[in-house]
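A.B. asks: need the 3D shape of this:
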Amino acid sequence: MNEACYKIAEEQKPKTTPQRTLLYIEEYFNKIFTPQYNPLYYLGAISCILYLIIVISGIYLFIFYRIGDPYLTVQNMTEKQWYFGGVMRSIHRYASDGLIIALTLHLIREYLNRRYSHNRWLAWVTGVILLIITIIMGIIGYWLVWDERAQLVALKTAEILNDIPIFIEPISMSFLKNESLHALLFFVLHLVHLALPVALIIVIGLHVFRCSRPVIATPKIMTYAILIMLFAAAIIMPAKNAGRADLSKLPIDIPFDWFYFFIFFLWEQIPKTIFWIITTGITILLLILPWTKRHKLHPAQVILENCTGCEQCNIDCPYEAIRMRFGSDRLLRRAEATVISERCTSCGVCIGACDFGAINLPEITEAGIKEEMVRLLSASGQADERPKILLLICSHSDDMKDITDIKNRFIKGMANVKMIILPCIGMVQPSMIEKGFESGADGVFLCGCLTNDCHYREGNKWLHERVAGGRFPFLSKAIDLRRIREFHVSAINTDKLIDELRLFEEYLKKPDKMAQAAESKANGKRILKRLTAFSAIPLFFILFFSIRPIYPFYSKGDSLIKLAIKYSSRFKAECRELTEKETEGKLRHMRKTESPFSNMRMDCAGERLPISIEISLDNKNISTKTYYPSGMKNDGPTFVYDEIHAAPGMHKLIVKIKDSKEVNPLDYKFEKEVEIKSGEVAVIDLSNMF
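C.D. replies: As a prediction, the model looks like this:
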């Protein structure tokens, strides 16, 4: 047997504190719900169920939504159709918040379990994209209501988008006055809100693209629990509109959804530069994570002369890394297996599925494993009365460095337990178990990951079915199944593994006096009650953090003055009259002119001048900035948008605008007495003033 198996254990990184914390939480949930119904093992499926609920309820809301008066439309739907429309809206809202929770927890769990590299990069990257699209989709959904909460979303989103250079005109200038809003805005938002779910379906398809038999549906009991809690929330605390949006007033003390609006809180709390560094850096880091600290894998290899084309390796592979194709001799019409190297995770599940020795890992072969069994079991002392136990253990199931003597291949304190470490317990081929008994083992102990939490998705499931005779290749009927023990464990349950090995040892000593423990099946109704009760915990956080006005963006005594300017400044270079020949050489749409006479053509192309703006309030300078023209060549209009926070009352506003032209420079001064009340917004638009 080569040393590759033991390198797995020697190179295995110890569990970090967050990883161990996750394992303790999962163990506690397993005690309550059993591994079969542990919601932490179904976070991806829970996300899919919530997304389906969102789509179904969204279709209903779409039927009644009108862009002419979105606020009144949603208000009528909520109050006049409370028996169905209001319930649908509430379910749509709370399921959307729940989706953020499920996706975030799913992302964190997969990261802590290190399930994001190699062939899993596609699932990881698309998972990050799914989370981003969901947040965007939810924010746009709030816009469509157009209440005070939507107004806050619009204003803060516009502030963030103002910093993105692809938008020439500041987005905030679209929300100066109520009169500037157009139904076309809600048409576009509505269209995007409908298009994003379609994009989400495509991304979900890519997310599970490389997974055989992806788990996208929760057990029925879990689905019932989710539906019960969402319906209960819709009845007990239905989603309602805030006040109608009014751009002439500040949105003060409005309900704030932390699951979607957290980005606005960060925007307010930290400097803009730091905000963009943090958000951009985290996003890029998440997307490139699969390619950091990446160790080399050795894909499985097919021995064609042994391949019978049975397709079992293709069926059992958890990542669709094996495909069947016809060989070079098409007359025989015999299929043969081929490995897609970029999808292979070197888990060895295909070896456990092959009964003909037709597939192997380059460093861990079936023949090598059997040779190692013979060597280990034959080296055991004959005088030792303790039963010989062959331990086949998954490298991801336990923290083996603490309990094993890796150099001598046995469990510390139990020299009679000979150990072989495998990448996945699904690599165990029934003939390996038979070989272990032939080599002198009194019992075979199979230790894998926890049920429903196999590191390679289905390894422990396939092994159980092979041993039980429900999946090819079958275990010989001559083998006494009582001498085989299956056990599922995590890295925090080392003591349980030792205890189970000792119990198995005692059983092998006195098989007639000790009965093998059988797993008790949990009562379905009891599990449903527990899952429903558990669902109330995230539901409480959803209700609490989605309706409370915890963070006030504007105080009750605040008032605001909005200054907006759109100005096409003069060119740096003087306009030059073109000759007739130069005019004819230009395309008609490129013949610029600043002359009222059509026969005079002037060349005025080039960079425009920046403008300097000085703002004074009550004879006190509050801002002096230079604004540059838009466009790649600085040849477009100059856009200015600024917000001036002021106390309620009468204020004297002075705006001075200058450019750097040497001849006849621009020197414009705007002066006005502005009266503003508490909580109101005054708009000063100088776009057409000069």
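
A.B. asks: and Thr279, what does it touch?
C.D. replies: The neighbourhood of Thr279, defined by CB atoms under 8 Å, 6 or more residues apart in numbering, consists of Ile263, Leu266. (C-beta placed from N, C-alpha, C; glycine too.)

A.B. asks: can you point out the buried residues in the one helix or strand Glu268 maps to?
C.D. replies: Assigned by DSSP states H and E, Glu268 belongs to helix 258-269. Across helix 258-269, burial judged by 16 or more other CB atoms under 10 Å covers Trp258, Phe259, Tyr260, Phe261, Phe264, Trp267.

A.B. asks: let me see the contact set for the fourth one.
C.D. replies: With contacts defined as CB under 8 Å, 6+ apart, Phe261 is in contact with Ile139, Val153, Lys156.

A.B. asks: can you give me the helices in the stretch 501-650 of the chain?
C.D. replies: Taking DSSP state H, counting those that start in this stretch as the criterion, the stretch 501-650 of the chain carries its helices at 524-547, 580-585.

A.B. asks: please apply the same query to the stretch 51-200 of the chain.
C.D. replies: Under DSSP H, counting those that start in this stretch, the stretch 51-200 of the chain gives helices at 70-79, 87-112, 121-143, 148-161, 183-207.

A.B. asks: out of the ones you listed, which is closest to Cys310?
C.D. replies: Of all those, helix 121-143 sits nearest to Cys310, with 28.3 Å by CB to CB.

A.B. asks: centre of the chain to that closest one, how far?
C.D. replies: Counting by CA atoms, centre = their mean, to the nearest Å, helix 121-143 is centred 7 Å from the centre of its parent chain.

A.B. asks: report the angle between it and helix 70-79.
C.D. replies: Relative orientation of helix 121-143 and helix 70-79, computed by axes from the mean of the first three to the mean of the last three CA atoms, to 10 degrees: 100 degrees.

A.B. asks: in helix 121-143, which residues are buried?
C.D. replies: Within helix 121-143, the residues that count as buried by 16+ other CB under 10 Å are 121-131, 133-135, 137-143.

A.B. asks: ditto for stretch 650-658
C.D. replies: By neighbour count on 16+ other CB under 10 Å, the buried set for stretch 650-658 is His651, Leu653, Ile654, Val655, Lys656, Ile657, Lys658.

A.B. asks: from Pro665, how far off is the last one?
C.D. replies: Computed with CB to CB, to the nearest Å, the distance linking Lys658 and Pro665 is 7 Å.

A.B. asks: same for the one helix or strand Ile420 maps to, what does it pack against?
C.D. replies: Assigned by DSSP H and E, Ile420 belongs to strand 414-422. Other helices and strands packing on strand 414-422, by 3 or more CB pairs under 8 Å, 6 or more residues apart in numbering; DSSP states H and E, are helix 4-10, helix 366-378, strand 389-394, strand 410-411, helix 494-509.

A.B. asks: what's the most buried one of these?
C.D. replies: Compared across the helices and strands packed on strand 414-422, strand 389-394 shows the largest average neighbour count, a mean of 26 (mean count of other CB atoms under 10 Å).

A.B. asks: what's downstream of the helix holding Glu268, the next helix or strand?
C.D. replies: Past helix 258-269, the next helix or strand by DSSP H and E is helix 272-288.

A.B. asks: sorry, back to before: weakest of the helices and strands packed on strand 414-422 by average pLDDT?
C.D. replies: Among the helices and strands packed on strand 414-422, helix 4-10 carries the lowest mean pLDDT, a mean of 58.

A.B. asks: in a markdown table, list the helices of the stretch 51-200 of the chain along with mean pLDDT.
C.D. replies: Formatted as a markdown table, the helices of the stretch 51-200 of the chain follow (pLDDT from 0 to 100):
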| stretch | mean pLDDT |
| --- | --- |
| helix 70-79 | 91 |
| helix 87-112 | 95 |
| helix 121-143 | 96 |
| helix 148-161 | 93 |
| helix 183-207 | 92 |
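
A.B. asks: circling back: chain center to the strand holding Ile420, what's the gap?
C.D. replies: 39 Å.

A.B. asks: Ala335 against Ile322, yeah?
C.D. replies: No. Using CB atoms under 8 Å, Ala335 is not in contact with Ile322, being 11.3 Å away.

A.B. asks: neighbour-wise, which of these two wins?
C.D. replies: Ranked by neighbour count (other CB atoms under 10 Å), Ala335 and Ile322 place Ile322 first, with 25 against 17.

A.B. asks: which residues does the nearest residue to that one once chain neighbours are set aside contact?
C.D. replies: Setting aside the residues directly before and after it, Ile322 is nearest to Asn314 in space (CB to CB, 6 or more residues apart in numbering), at 4.7 Å. With contacts defined as CB under 8 Å, 6+ apart, Asn314 is in contact with Ile322, Arg323, Met324, Ala337.

A.B. asks: and the two most separated of the buried residues of helix 258-269?
C.D. replies: Phe259 and Trp267 (16.0 Å).

A.B. asks: buried subset of the contacts of Asn314?
C.D. replies: Applying 16+ other CB under 10 Å to those flags Ile322, Ala337 as buried.

A.B. asks: now the contacts of Asn314 as a markdown table including distance to Arg20?
C.D. replies: Output for the contacts of Asn314, formatted as a markdown table (distance: CB to CB, whole Å):
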| residue | distance to Arg20 |
| --- | --- |
| Ile322 | 34 |
| Arg323 | 39 |
| Met324 | 42 |
| Ala337 | 39 |
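
A.B. asks: what residues of stretch 427-444 count as buried?
C.D. replies: Neighbour-count burial for stretch 427-444 [16+ other CB under 10 Å]: 427-437, 439-444.

A.B. asks: can you give me the end-to-end distance of that stretch?
C.D. replies: Stretch 427-444 stretches 15 Å from its first residue to its last (CA to CA, to the nearest Å).

A.B. asks: so which of the contacts of Asn314 are in strands?
C.D. replies: Applying DSSP state E to those, the entries found in strands are Ile322, Arg323, Met324, Ala337.

A.B. asks: now do the closest residue to Trp276 other than its chain neighbours against Leu176, distance only.
C.D. replies: Once flanking residues are discounted, Trp276 sits nearest to Asp163: 6.9 Å by CB to CB, 6+ apart. Using CB to CB, we find Asp163 at a distance of 19 Å from Leu176.
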